[in-house]
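**Q** 3D model of this:
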Amino acid sequence: MIELDARSAAARAGLQVGDELVALNGVVPRDIIQYQLLADEAELVLDVNRGGLTLTVEVDKRAGEPLGATVHSAVFDQVRTCDNHCEFCFIYQLPPGMRESLYLKDDDYRLSFLYGNYTTLTRFTEADLERVVSESLSPINVSVHATDPEVRAEMLRNRRGATSLRWLRQLLDHHIEVHGQVVVCPGRNDGAVLDDTMAGIMSDYPELASVCVVPLGVSRYNTEPDMRAHTRDEARAVVELVHGWQDCFVEVLGRRVVYLADEYYLAAGVQMPPAEAYDGFPMHEDGVGMARTFEREFRGETAEATGVAPGFFAWVEGAPADGYRAERTGGVQPVRMRPSRSAPIAVLTSELGAEVIAPLVAELDRPDVRVLAVENRFFGGNTGVAGLLVFDDLARVLADEPAGQRYLLPDVCLSRGRFLDGGAPGDLPRPVEVLASDGMALRTALGERG
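**A** Here you go, the predicted structure:
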């Protein structure tokens, strides 16, 4: 256990941080999902390993009362790794020397349910389907990429890619909420193939809750010569195609179903749709509609920040924070300055983020505020989102910036107080203020005066 609520049933029973839970009522759980089902019981006996000693602990609690213990991992047996070899996989494009966990490719439906990871279903089984249905593990996110069997198998570099979408059909038949994703690779699944995929979704998988269409991300470590970023004309073609299919989906199904990531509009130089065109932003955390939600928040057009859509990511009591649930600052207090009342302000963000934020800041007519776009040389390629900003690039830019100014940094680039390359905000050459990555937080910070 890594955390323990001092007022919980676990604490009352004498459990301690560092204890290893071996079994609950004689059952060794496979994962945090089974763990919660067992821990919900009123009569609960735990087998605990404490420093090499085996203890039996009886817990006095009500049925359904949380045990109050957070464990170290969501999966206890073994994460189901991905056996696809997709040429567009970004994990293959990561630089060396980063945290080992960042190189893990999972294809585990449990992590999809818990954290919103995407699964291709190529390792899904009848037993998995039975469990998902019987335990109502919904929603689940599925990587579609193409509905043509041959194209999908070629993209995944796995012959099971041609048949694994049968599990998607089974999930939908059993009323499991499923969100889909299509990563569009120029020359692979754009154009006529993307058109066919949209038709396949309408005809074969119309129950999909939503589908996000995202552009291929390419880093400077890419070793696949055929994988490249879209040209502006190619991005525009994708936008036009998807908008046309949105109209078809609305006419036939009464809802848009498919949505484009914000990156497509920026790459195409096309104005983004109005907020109402995103139907409540069901795929906000996939970069769909983030710009519009930020705009609404910044302008005060909404009473609260748009977080994770209700029901989109699911988790259970006791699961460690991960993915979009992970703490950004890790409990570390953000570095703050006490500049003079007239201190200039620089809003740190990525190159794509600057395209969204700069026009909003310009509306304020504040000569003391500027947007400082940070080029991502660490990953390179077409990497331009704020979530992939790293210490090295920020340090390079800030080293040339004047002291005595306020530097505002979005927390989306942090996980437990660290950047992807391992650095910490407190070690940057200029003190920074870490803000929540929403428009309301930025507007509030800009309103502060010393």
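
**Q** Can you report how many residues neighbour the spatially closest residue to D279 that is not a sequence neighbour?
**A** Among residues not flanking D279 along the chain, R256 sits closest, at 6.1 Å (Cβ to Cβ, 6 or more residues apart in numbering). From N, CA and C alone the C-beta is placed, and that goes for glycine too. Neighbourhood size, R256 [other Cβ atoms under 10 Å]: 20.

**Q** repeat for S101
**A** So S101, with other Cβ under 10 Å, has 7 neighbours.

**Q** Distance check, it against I91.
**A** 11 Å (Cβ to Cβ, to the nearest Å).

**Q** can you check V17 too?
**A** Using Cβ to Cβ, V17 is found at 32 Å from I91.

**Q** pretty sure T56 is in a strand, no?
**A** Yes. Counting by DSSP: H, G, I helix; E, B strand; the rest coil, T56 is located in a strand.

**Q** May I have the beta-bridge partners of it?
**A** D47 (DSSP bridges).

**Q** could I get the helix or strand harbouring G353 in PDB with only the CA atoms?
**A** If you go by DSSP states H and E, G353 is part of helix 351-363. In PDB, the C-alpha atoms belonging to helix 351-363 read as follows (Å, rounded to 0.1, in the frame of the first residue of the first chain):
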ATOM      1  CA  GLU A 351       3.900  26.300 -30.400                       C
ATOM      2  CA  LEU A 352       0.400  24.900 -31.000                       C
ATOM      3  CA  GLY A 353      -0.800  26.200 -27.700                       C
ATOM      4  CA  ALA A 354       0.400  29.700 -28.600                       C
ATOM      5  CA  GLU A 355      -1.900  29.600 -31.700                       C
ATOM      6  CA  VAL A 356      -4.800  29.200 -29.300                       C
ATOM      7  CA  ILE A 357      -3.700  31.400 -26.400                       C
ATOM      8  CA  ALA A 358      -2.100  34.400 -28.200                       C
ATOM      9  CA  PRO A 359      -5.400  35.700 -29.800                       C
ATOM     10  CA  LEU A 360      -7.100  35.400 -26.400                       C
ATOM     11  CA  VAL A 361      -4.400  37.400 -24.600                       C
ATOM     12  CA  ALA A 362      -4.500  40.000 -27.400                       C
ATOM     13  CA  GLU A 363      -8.100  40.600 -26.600                       C
END
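
**Q** if I look at G311, how far off is Q271?
**A** 30 Å.

**Q** So which residues of the stretch 301-450 of the chain form strands?
**A** Secondary structure of the stretch 301-450 of the chain by DSSP state E, counting those that start in this stretch: the strands cover 345-350, 369-374, 406-410, 433-435.

**Q** Next, format the ones you listed as JSON lines and append distance to R443 and mean pLDDT.
**A** Written out in JSON lines, the entries for the strands of the stretch 301-450 of the chain read as follows (distance: least, Cβ to Cβ, whole Å; pLDDT from 0 to 100):
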{"stretch": "strand 345-350", "distance to R443": "11", "mean pLDDT": "97"}
{"stretch": "strand 369-374", "distance to R443": "11", "mean pLDDT": "98"}
{"stretch": "strand 406-410", "distance to R443": "11", "mean pLDDT": "96"}
{"stretch": "strand 433-435", "distance to R443": "10", "mean pLDDT": "94"}
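
**Q** Just send those back as JSON lines, with mean neighbour count and distance to A42 too.
**A** Shown next, in JSON lines, are the strands of the stretch 301-450 of the chain (neighbours: other Cβ atoms under 10 Å; distance: least, Cβ to Cβ, whole Å):
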{"stretch": "strand 345-350", "mean neighbour count": "24", "distance to A42": "50"}
{"stretch": "strand 369-374", "mean neighbour count": "18", "distance to A42": "53"}
{"stretch": "strand 406-410", "mean neighbour count": "23", "distance to A42": "44"}
{"stretch": "strand 433-435", "mean neighbour count": "20", "distance to A42": "43"}
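
**Q** wait, which of those is closest to A11?
**A** A11 lies closest to strand 433-435 among the strands of the stretch 301-450 of the chain, at 31.4 Å (Cβ to Cβ).

**Q** number of nearby residues for T223?
**A** Number of residues near T223 (other Cβ under 10 Å) recorded here: 8.

**Q** Hmm, Y92 and it touching each other?
**A** Yes. Judged on Cβ atoms under 8 Å, T223 makes contact with Y92 at a distance of 7.2 Å.

**Q** sorry, back to before: check the gap between the residue nearest to D279 and P431 for me.
**A** 44 Å.

**Q** so when I look at Q181, I'm seeing a helix, right?
**A** No. Read with three-state DSSP, Q181 is strand and lies in no helix.

**Q** ok, it - contacts?
**A** 118, 141-145, 211-214, 286 (Cβ atoms under 8 Å, 6 or more residues apart in numbering).

**Q** could you check the distance from it over to I33?
**A** Counting by Cβ to Cβ, the gap from Q181 to I33 is 23 Å.

**Q** again with D108
**A** Counting by Cβ to Cβ, the gap from D108 to I33 is 11 Å.

**Q** cool, and V48?
**A** V48 is 21 Å from I33, by Cβ to Cβ.

**Q** cool, and R166?
**A** In this view, R166 and I33 are 24 Å apart by Cβ to Cβ.

**Q** more neighbours, the two?
**A** Neighbour totals were compared for R166 and I33, and I33 leads with 21 against 11 (other Cβ under 10 Å).

**Q** which residues sit in contact with that one?
**A** 110, 113-114, 135, 137, 316.

**Q** Mind doing that once more with 6 Å?
**A** The contact partners of I33, by Cβ atoms under 6 Å, 6 or more residues apart in numbering, come to V316.
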